[in-house]
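Q: show me the folded form of this:
(chains A and B)
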2 protein chains.
Amino acid sequence: MEFHLSDYSKIDSYLIAHLDESIAELSRLVAQPSVGAQNWGMQACAEMVGEMLQKRGFTVEILPTGGAPVVLGERKGKSDKTLMFYNHYDVQPAEPLDLWETPPFEPSQRDGKLYGRGVSDDKGHLTSRLHTIDALLAEDGELPCNVKFIVEGEEETGSMHLPKFITANKEKLAADACIWEFGGVDHREVPMQYLGLRGICYVELSIETAAIDVHSGLGGSIFANAAWRLVWALNTLKSPDEKILIPGWYEGIIPPTARDRELFAAQPDVADEYKTQFGVKGFLKGLTGGVDLQIAEVFEPTCTICGLTSGYQGLGSKTVLPARASAKVDFRIALGQTIERCLVLLRQHLDAQGFSDIEIKFMGGGPAARTDPDHPFIKLVVDSAEEIFESKMELIPMVGGSGPNYPFVHELNMPVATAGLGHPDSRAHAPNENIRIDLYLKHARHMARVLKGFAQ
Amino acid sequence: MEFHLSDYSKIDSYLIAHLDESIAELSRLVAQPSVGAQNWGMQACAEMVGEMLQKRGFTVEILPTGGAPVVLGERKGKSDKTLMFYNHYDVQPAEPLDLWETPPFEPSQRDGKLYGRGVSDDKGHLTSRLHTIDALLAEDGELPCNVKFIVEGEEETGSMHLPKFITANKEKLAADACIWEFGGVDHREVPMQYLGLRGICYVELSIETAAIDVHSGLGGSIFANAAWRLVWALNTLKSPDEKILIPGWYEGIIPPTARDRELFAAQPDVADEYKTQFGVKGFLKGLTGGVDLQIAEVFEPTCTICGLTSGYQGLGSKTVLPARASAKVDFRIALGQTIERCLVLLRQHLDAQGFSDIEIKFMGGGPAARTDPDHPFIKLVVDSAEEIFESKMELIPMVGGSGPNYPFVHELNMPVATAGLGHPDSRAHAPNENIRIDLYLKHARHMARVLKGFAQ
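A: Numbers count the residues shown, from 1 in each chain, chains lettered A, B, ... in the order given. Just a heads-up that it's a prediction; the model follows:
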């Protein structure tokens, strides 16, 4: 690593000198499981985050939401301006456990990386930002501006309670700009500025056709089968050409603009990278790469089966006619679509197709939102990255993933910029999630520059 | 219970006096798990069965089959005729475990019943027949005819190796007639004579679309999803009106005869019983009851999804695009259909529908077969039941379940009669499997009469 020693030399030196301590703090945080989907360790992890903020002189509140609590931290700084960091302490389930090289909740360093569930998504982002706070306090004795942390516990399960929490706490959460929970470099080591997030409407579809499972030799010809009902119902949602078949689904969608295509055209082709990384031979809908692949990836609504479960799933065979079946279905929604309308259209469609027996359980989600690529705060975050990453930060108009940026953009009326320590093989949501420690340090250095630049 | 004390009074007295010992022996056999699908305890259970036969003076062989071993027992008797008992020592998986009131492998008596996995299917049938053997030996000092036991270990997983084993051991297995592994009374307490078994072709359909699961926010629009591919492929197999869509599937099927309809017409309607027992409101294909319901139940080919598995199936939500998916599918096949042809038709159909990526794994099965309702051996079994059950045994031309009767009927050229201790709520293959102890005793008494009657 080469460093440009400008007026940030003391802060950078501090960040380098104390890097191991920060990684140790991250490791402690990762060792505290906080799997939202399994309601495992949530309160304990929230308290640990609260203590970490308190240690840095932040006023901390751990507030109920109806689900996992939100941790709020606030510390005044020199300037009147307020920068907010949005992070989350919850993590994805670690399953399938047998594919992890080292246990998911026992963080382990090798080859310049730290492995563990949540190291990247999102605990590493939180502790690297605290590392920045430590350096600024150590060198300057104060923060350059007011800083607020909002650390929620339901990001991975759809941030069910966050929008209402934000609406109810608008004054407490007032700030001038927000740094989002994630960001990072692409496969060329170029840092990326992700300007928007696709929406999500996650549902569980389930059905019960009988009180008990039946011997399939008896029931096969005459009893309804929950697994079959589910398969037929799912089949009405999307055709093999990937078109969502729910009437009205595509209405009101705001299509990508010429500027969006222009920004993607400036990006390298991701086709080969994806093929290697995920072990796929090609893409859906005849896509081969280029702008079209990237536009499809992030702007189009999707209907993804995330899980199927019914009947006997063990070794060998069992001749049973299942009474129950369920599917977890993740609808990514585009700019202009709303959760409320999607749920109504889905119910109407299943009823019209003869599947009133399929129950829909909303599991969380929110609409899509994005920030203007030409906002001055975006320019600050982009410009201050260049010295550290030795490459211009590039603008990505939208990503395919989701998060609760809508209330930040539309309720708190803030620009939201992304910045982070991610890399293409960080395996968020998958076994062997990891961070590169060099990028962890770079992110902390970047945040020091953003905080100081923002305060001016 | 009331007993008709004819010339069987001593034997009946013995069976009553030693009933607890036989139930204790059954309990020991049930406590030895033997879950074929999970390859759990098979050898140990085979050896236990071998010891139980040896104790009664049978010459025992435990023979390899390529899968779970077959236990053969043979003991000479007074007459030259040979009666064979076909039983199996393997049991269905006990899952879902949380629905059992008492642990499946810790047999438990309450309200005149014994509960445990395999008490009815099929360990209770085996020990009740050994109880008969004990009584005959105790009272007469010898068996009335030669008796052979064939006790296999793969019945619940499709008797993969039994047909070849029978072909290879035709002389050793020669006999004049066979008592099948199951039987019992219906909801009116009337004993049933089941004359045939539908065939079965059990397959696992599976697909892998990528090397690893992908974040659904990234992959949803552009990567193939294993769960969706499976849903679409399954959807091509059967339509919601229950018609199997595989071309040629229904060709060559031998339809039910006028005699079949006549035999079913003599049966009471099962519609209400089924509704109560399984908690269903109605039946498929507009069936309401009567002969049509019974004919559909046992003569029609079926395509039953027994299990579905893909992606995340735990609590809450996980935003993942699954790389793998599989379904266990149980095709019941009718008289005239063959396994070989069904597998070819299924592969051709999936290929023609664009699903060459779906792998088919054959998990076991065999064709349908049945015995002439007017065979003298059937008459013996039927007539000898009347005194014990205080009701005429009724003839059922075919049942919907499956078993390896084909090689017994068509290779060993024997009539196969059913007789047993089952009752409508015995919950074979489901949680809380049970037997009624009164029926256990009746079956042992019935078998004593069949053995003596057969020897004459």
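Q: which segments of chain A make up each domain?
A: Domain segmentation of chain A under automatic domain parsing yields A:9-197+A:369-455, A:199-253+A:301-366.
Q: for chain A, give me the ranges with low pLDDT.
A: For chain A, applying pLDDT under 70 flags the ranges A:1-6.
Q: biggest helix in it by residues?
A: Taking DSSP state H as the criterion, chain A has its longest helix at helix A:437-455.
Q: what about that one, distance to the chain center?
A: 21 Å (CA atoms, centre = their mean, to the nearest Å).
Q: who wins for proximity to B:Gly453 among the domains of chain A?
A: B:Gly453 lies closest, by CB to CB, to one member of these: domain A:199-253+A:301-366, at 30.1 Å. All C-beta atoms are positioned from the backbone trio N, CA, C, and that covers glycine.
Q: tally of neighbours for the nearest residue to A:Arg188 once chain neighbours are set aside?
A: Closest residue to A:Arg188 apart from its sequence neighbours, by CB to CB, 6 or more residues apart in numbering or on different chains: A:Pro268 at 6.6 Å. Applying other CB atoms under 10 Å in any protein chain shown, we find 14 residues neighbouring A:Pro268.
Q: quick one: A:Pro268 is in a helix?
A: No - assignment of A:Pro268 by DSSP: H, G, I helix; E, B strand; the rest coil gives coil, placing it outside any helix.
Q: what bridges to the residue nearest to A:Gly124 when sequence neighbours are not counted?
A: The shortest distance from A:Gly124 to any non-neighbouring residue, by CB to CB, 6+ apart, is to A:Ile435 (4.7 Å). Beta-bridge partners recorded for A:Ile435 (DSSP bridges): A:Leu114.
Q: isn't A:Ile435 up against A:Gly420?
A: No - counting by CB atoms under 8 Å, A:Ile435 sits too far from A:Gly420 to count as a contact (9.6 Å).
Q: residue numbers of the stretch 1-150 of chain A in contact with chain B?
A: Residues of the stretch 1-150 of chain A found near chain B (CB under 8 Å from any CB of the partner chain) are A:36-39, A:92-93, A:95.
Q: pipe those into a markdown table and attach neighbour count and secondary structure per row.
A: A markdown table is the format used below for the residues of the stretch 1-150 of chain A next to chain B (neighbours: other CB atoms under 10 Å in any protein chain shown; DSSP: H, G, I helix; E, B strand; the rest coil):
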| residue | neighbour count | secondary structure |
| --- | --- | --- |
| A:Gly36 | 31 | helix |
| A:Ala37 | 21 | helix |
| A:Gln38 | 17 | helix |
| A:Asn39 | 15 | coil |
| A:Gln92 | 25 | coil |
| A:Pro93 | 23 | coil |
| A:Glu95 | 19 | coil |
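Q: now the two most distant members of those.
A: Farthest-apart pair in those is A:Asn39 and A:Glu95; separation 14.9 Å (CB to CB).
Q: OK, contacts around A:Gly196?
A: Neighbour list for A:Gly196: A:335, A:368-371, A:397-399, A:405 [criterion: CB atoms under 8 Å, 6 or more residues apart in numbering or on different chains].
Q: quick check: what element follows the one helix or strand A:Gly50 maps to along the chain?
A: A:Gly50 belongs to helix A:42-55 when assigned by DSSP states H and E. Following helix A:42-55 in sequence order, the next helix or strand is strand A:59-63 (DSSP H and E).
Q: and the closest residue to A:Ser310 other than its chain neighbours, helix, strand or coil?
A: In this structure, A:Ser310 finds its nearest non-sequential neighbour in A:Ala325, 3.5 Å apart by CB to CB, 6+ apart. On the three-state scheme (three-state DSSP), A:Ala325 is labelled strand.
Q: do the same with the one 4 residues further on
A: Secondary structure state of A:Val329, per three-state DSSP, is strand.
Q: which residues in the stretch 51-200 of chain A form helices?
A: For the stretch 51-200 of chain A, applying DSSP state H, counting those that start in this stretch gives helices covering A:124-140, A:162-168.
Q: just put the ones you listed in TSV and tack on mean neighbour count and distance to B:Ala444.
A: Output for those, formatted as TSV (neighbours: other CB atoms under 10 Å in any protein chain shown; distance: least, CB to CB, whole Å):
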stretch	mean neighbour count	distance to B:Ala444
helix A:124-140	23	70
helix A:162-168	18	67
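Q: residue contacts, A:Met84?
A: With contact set as CB under 8 Å, 6+ apart, A:Met84 has these partners: A:147-150, A:173, A:175, A:177-179, A:414.
Q: and with 10 Å instead?
A: A:Met84 makes contact with A:74, A:146-150, A:173-180, A:408, A:412, A:414, A:416 under the criterion CB atoms under 10 Å, 6 or more residues apart in numbering or on different chains.
Q: just the buried ones from those residues?
A: A:74, A:146-150, A:173, A:175-180, A:408, A:412, A:414, A:416 (16 or more other CB atoms under 10 Å in any protein chain shown).
Q: OK, contacts around the residue nearest to A:Gly124?
A: Taking CB under 10 Å, 6+ apart, one finds A:23, A:26, A:107, A:112-116, A:119-121, A:123-125, A:128, A:184, A:420-423, A:426, A:443 in contact with A:Ile435.
Q: still on that earlier bit, who touches both of A:Ile435 and A:Gly420?
A: Common neighbours of A:Ile435 and A:Gly420, using CB under 10 Å, 6+ apart, are A:120-121, A:124-125, A:128, A:184, A:426, A:443.
Q: nearest to chain B, of these?
A: When the shared contacts of A:Ile435 and A:Gly420 are compared for distance to chain B (CB to the nearest CB), A:Asp121 wins out at 9.4 Å.
Q: correct me, but the closest one touches B:Gly217?
A: No - counting by CB atoms under 10 Å, B:Gly217 is not a contact partner of A:Asp121; they are 11.4 Å apart.
Q: any residues in contact with both of these two?
A: Shared contacts of A:Asp121 and B:Gly217, defined by CB under 10 Å, 6+ apart, comprise A:401, A:428-429.
Q: those residues also near chain B: which ones?
A: A:401, A:428-429 (CB under 10 Å from any CB of the partner chain).
Q: now, which of those sits nearest chain B?
A: Nearest to chain B, judged by CB to the nearest CB, of these is A:Gly401 at 3.1 Å.
Q: how much space separates that closest one from A:Phe362?
A: 19 Å (CB to CB, to the nearest Å).
Q: is it true that the residue nearest to A:Ser310 touches A:Glu204?
A: No - A:Ala325 lies out of contact with A:Glu204 (CB under 10 Å); the separation is 11.1 Å.
Q: neighbour count winner among those two?
A: Neighbour comparison, A:Ala325 and A:Glu204: the larger count goes to A:Ala325, with 27 against 18 (by other CB under 10 Å).
Q: give the contact list for the more buried one.
A: A:205-209, A:225-231, A:233-234, A:308-311, A:358, B:305, B:307-308.
Q: and those residues, which are buried?
A: Applying 16+ other CB under 10 Å to these flags A:205-207, A:209, A:225-231, A:233-234, A:308-311, A:358, B:305, B:307-308 as buried.
Q: list the buried residues of stretch A:320-340.
A: A:320-337, A:339.
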